[in-house]
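> One predicted model, sequence on top.
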Amino acid sequence: AGVLELITFKTVLIIISTIIIAILSAKIIGKFFKLNQSLSLLIGVGNGICGSSAIASTSSVIDSKENETGLSIAVINILGAIGIFLLPSIIILFGVDSLYHQGVIIGGTIQAVGQVTAAGVIIGDEAGKIAVLIKMVRILMLGPFLLIFSILYSKNKGGNKSSSFIQVPPFILGFIALSAISTSGLLPQDIILQLSSFSKYLLILAMSAIGLNISFKYILDKGIKVIYVSIITFFIQILFCMFLVSKLL
């Protein structure tokens with residue numbers, strides 16, 4: 001009950017609003033730097049939701065190029081690693097002393113779970129636990145946002161009437177089905193843990209496959225622009241989240 005009390009309506013509102021701001025910021029700033037919209041969207045969801053997983057999932061929905069996917073994953077991961085040390089410093093600089101506020105800011109902005117955990121521990125164990133919990137809620141937002149992207153991009157493709165129907169990617173259905181099975185208790189906990197461990201190797205394989213398709217020419221051409229857009233988006237995301245935390249919590 002104590003854990004559930006930490007996730008209030010205002011907290012969820014902050015998480016969703018911060019995700020939306022990250023995506024919109026990346027799209028607008030990406031347009032200023034003349035990045036194509038699919039690459040800007042990947043940067044937005046990578047910053048806004050959950051790093052590599054969000055980028056890889058969204059790339060399947062919007063049919064982005066492999067170079068775009070690989071480049072955005074690389075830049076977002078580097079930025080997240082920097083954020084481990086940067087965000088605690090910003091929190092201290094702005095004098096955020098509430099453990100809950102610290103946890104919400106870290107969990108609501110840093111890209112990957114491991115990075116959130118590391119940044120949270122720098123602040124303190126309690127703030128770290130809250131940050132990871134907030135991050136878990138943030139990850140849950142991936143499914144709804146992917147459905148929204150699926151609807152928007154299926155409409156953008158145009159064409160005949162059949163293309164106007166919502167085309168839900170199979171992996172989204174698999175995600176929902178496995179989540180339901182995991183929470184229903186149909187599978188023993190030890191099997192779930194083994195499958196979860198095995199999934200990490202599959203993720204490594206998927207990320208490696210993406211990396212093998214990255215063109216160095218593409219990195220030299222687009223890399224610096226992607227870095228600029230990612231950094232600016234990340235700072236906007238942090239400041240916006242801190243503003244909402246100060247006003248709503």
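Structure received.

> Leu99 and Phe243: what is the separation?
Leu99 is 19 Å from Phe243, where distance means C-beta to C-beta, to the nearest Å. For the C-beta atoms, the positions are set from N, CA and C on the backbone; glycine is no exception.

> So for these two, which sits in the more crowded spot?
Neighbour count, other C-beta atoms under 10 Å: between Leu99 and Phe243, Leu99 has more, with 17 against 12.

> From Phe240, how far out is the more buried one?
Counting by C-beta to C-beta - Leu99 and Phe240 are separated by 21 Å.

> where are the low-confidence patches of this structure?
Applying pLDDT under 70 to the chain picks out residues 1-4, 155-173, 175, 200, 203, 206-222.

> so where do the helices sit in it?
2-6, 9-32, 37-45, 51-62, 66-93, 99-107, 113-123, 125-140, 142-156, 170-184, 189-212, 216-248 (DSSP state H).

> Neighbours of Ile55, how many?
Using other C-beta under 10 Å, Ile55 is surrounded by 30 other residues.

> so who does it touch?
Listed by C-beta atoms under 8 Å, 6 or more residues apart in numbering, the contact set of Ile55 reads 42, 45-46, 69, 72-73, 76.

> Same question for Gly114.
Per C-beta under 8 Å, 6+ apart, neighbours of Gly114: none.

> quick one: it from Ile130, how far?
Gly114 is 16 Å from Ile130, by C-beta to C-beta.

> Kindly report the same for Gly48.
The value you get for Gly48 to Ile130, if C-beta to C-beta is used, is 19 Å.

> Those two: which is more packed in?
Neighbours were counted for Gly48 and for Ile130 using other C-beta under 10 Å; Gly48 has more, 30 against 25.

> Give the burial count for the closest residue to the more buried one other than its chain neighbours, as a bare number.
Distances taken as C-beta to C-beta, 6 or more residues apart in numbering place Ala22 nearest to Gly48, at 3.2 Å, with adjacent residues excluded. Look at Ala22: counted by other C-beta under 10 Å, it has 26 neighbours.
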